[in-house]
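Q: need a 3D model of the following:
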Amino acid sequence: MTTMEDAVQGLTQTGASGSDCELVQLLARHETEEESVLARYERFAHEARSPAARYLVGLIMEDERRHHRMLVDLANAIAWGEWRPVCDMVPDLDPNITDSAVAEATKELLDAEQRDHAELKELRKKLRDYRDTTLWDLVADLLMMDTDKHLRILRFLIGHAGEGHHQQ
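A: Reported below is the predicted structural model:
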């Protein structure tokens, strides 16, 4: 697992440009802020008497941990550029993304996510009556937001893959 220190080392070893250094410093500051926020969430979850609050804050903490990892991966990709001595980085687009098998699998997954989106939309309608007494409606809404994110990722892949390059 790479760290922000690996990114700083990459800046030095690669003789990175000023703009790359500035970007990595911005990401490092944001990562430090996220660590502080995550610590506050952890305290809140530990001290909360409400199981509902603990559950919801736990979901946020999962996202914050993933955000932390993504910030570090992005910083390392910027810092190391083409050198890439560490593997935990946001990769560049590569020729394999246009592979026809990738395009076909992506289209199948996109269809599945679109069906999931429609089913979640129907579920949300049915859960509206429970909005003031349970977390169910909120959880369904969060699932729908995740599905929207998955759709965006898959559409990006289709937009960059093989014969689907012109579809958006």
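Q: test my guess that E113 contacts K149.
A: No - taking contacts as C-beta atoms under 8 Å, E113 lies outside contact range of K149: 9.7 Å. Any C-beta I mention is one placed from the backbone N, CA and C, and that applies to glycine too.
Q: for those two, work out which one has more neighbours and name it.
A: E113 (20 against 11; other C-beta atoms under 10 Å).
Q: quick one: residues contacting the more buried one.
A: T147, H150, L151, L154 (C-beta atoms under 8 Å, 6 or more residues apart in numbering).
Q: among the residues you listed, which one lies nearest to L59?
A: L59 has its nearest neighbour among the contacts of E113 in T147, at 15.2 Å by C-beta to C-beta.
Q: roughly how far does the closest one sit from T106?
A: 15 Å (C-beta to C-beta, to the nearest Å).
Q: higher neighbour count, those two?
A: T106 (23 against 19).
Q: buried residues in the helix or strand containing that one?
A: Secondary structure assignment for T106, by DSSP states H and E: helix 100-127. By neighbour count with 16 or more other C-beta atoms under 10 Å, helix 100-127 contains the buried residues 102-103, 106-107, 109-110, 113, 116-117, 120, 123-124, 127.
Q: pretty sure Y130 is touching V139, no?
A: No - here Y130 does not reach V139: they are 10.4 Å apart, not a contact under C-beta under 8 Å.
Q: those two: who's more crowded?
A: Of the pair Y130 and V139, V139 is the one with more neighbours under other C-beta under 10 Å, namely 16 against 13.
Q: how close does the more buried one get to A79?
A: Distance of V139 to A79, given as C-beta to C-beta: 38 Å.
Q: swap in L157?
A: 26 Å.
Q: ditto for D111
A: 38 Å.
Q: same check on L151?
A: For L151, the distance to A79 equals 31 Å [C-beta to C-beta].
Q: list the buried ones in the helix or strand R65 falls within?
A: Using DSSP H and E, R65 maps to helix 51-80. Across helix 51-80, burial judged by 16+ other C-beta under 10 Å covers 56-57, 61, 64, 68, 71-80.
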